[in-house]
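S.K.: Next one to model:
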Amino acid sequence: MKPLVVLLTVFGVLVLGAYLLTGRGHAALAGNGAMAAMLLFTGAGHFAFTQGMMQMLPSFVPARKAVVWLTGVLEMVAAIALLVPALRPTTGWLLIGFFVLILPANIHAARHRLNYQTGTQDGPGPAYLWFRIPLQLLFIDWVWYFAIYLR
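M.R.: Numbers count the residues shown, from 1 in each chain. Okay, here's the model as predicted:
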C-alpha cells in the first residue's frame, strides 16, 4: 500500500508542479519521476527490512541476503535510469521483467503470512494477494505506458 501512495502522490505533485511552471502536465516526466521515487522507496526497504525480505524467498534460494540487497540496488539503479530519456525504453522492459519475476516472492510471503517488515508470520496472508497482484499489474502497465509508450 505504501508504494502505491508514494507513486500516486509523487505523480500528482509532479504533474501539478509541471503545470504550474510550464502550463503543461508533462505526463512522461511525472510518470517516470513517480515510478523512480517509488523504486527508491522500495529499494531502500530492502536494506531496512533485510531479514524479513529474506524470508520472502523460498528456502532453496541460495545467498538470500545477497539477493535481497542486489534487488534493492537494482531498483535504485532502475529509478535513476528512468530519469534518463535515452535509457527509459530499455529500463522499462527490464523493470517489467523484474516485476514479473518478483511476484512469486510476494505469493510465497502471502501464503506463509509473512510480515516482511518484522520478519514474523502475522502478515495479512493470502487475502493480501487480492491487492498485491493487481498492484503488480498496475506497476507493469505504468512502466509500459510512461517509460516505453510515451518515453
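
S.K.: okay, which residue is most central for the protein?
M.R.: With distances taken as CA atoms, centre = their mean, the residue of the chain nearest its centroid is residue 39 (4.8 Å).

S.K.: was I right about that one contacting residue 73?
M.R.: No - counting by CB atoms under 8 Å, residue 39 stays clear of residue 73, with 11.0 Å between them. C-beta here means a position set from N, CA and C on the backbone, and glycine is covered the same way.

S.K.: What is the burial count for residue 125?
M.R.: By the criterion of other CB atoms under 10 Å, residue 125 has 14 neighbours.

S.K.: Quick one: residues contacting it.
M.R.: 110, 111, 113 (CB atoms under 8 Å, 6 or more residues apart in numbering).

S.K.: how about a cut-off of 6 Å?
M.R.: Neighbouring residues of residue 125 by CB atoms under 6 Å, 6 or more residues apart in numbering: residue 113.

S.K.: Check the gap between it and residue 112 for me.
M.R.: The gap separating residue 125 from residue 112 is 8 Å, by CB to CB, to the nearest Å.

S.K.: how about the helices of the chain, start to end?
M.R.: For the chain, the helices defined by DSSP state H cover 2-22, 27-48, 50-54, 64-82, 88-111, 129-143.

S.K.: quick one: contacts of the longest one?
M.R.: Counting by CB under 6 Å, 6+ apart, the neighbours of helix 88-111 from elsewhere in the structure are 56-58, 78, 81-82, 126, 128-129, 132, 136, 139-140, 143, 147-148, 151.

S.K.: sorry, back to before: contacts only, for the closest residue in space to the residue nearest to the centre of the chain that isn't next to it in sequence.
M.R.: Distances taken as CB to CB, 6 or more residues apart in numbering place residue 79 nearest to residue 39, at 3.8 Å, with adjacent residues excluded. Residue 79 sits next to 36, 39, 40 when contact means CB under 6 Å, 6+ apart.

S.K.: per-residue pLDDT, the most far-flung residue of the chain relative to its centre?
M.R.: For the chain, the largest distance from the centre (CA atoms, centre = their mean) belongs to residue 23, which lies 29.6 Å off. pLDDT, residue 23: 92.

S.K.: Same question for the one 3 residues further on.
M.R.: We have a pLDDT of 93 for residue 26.
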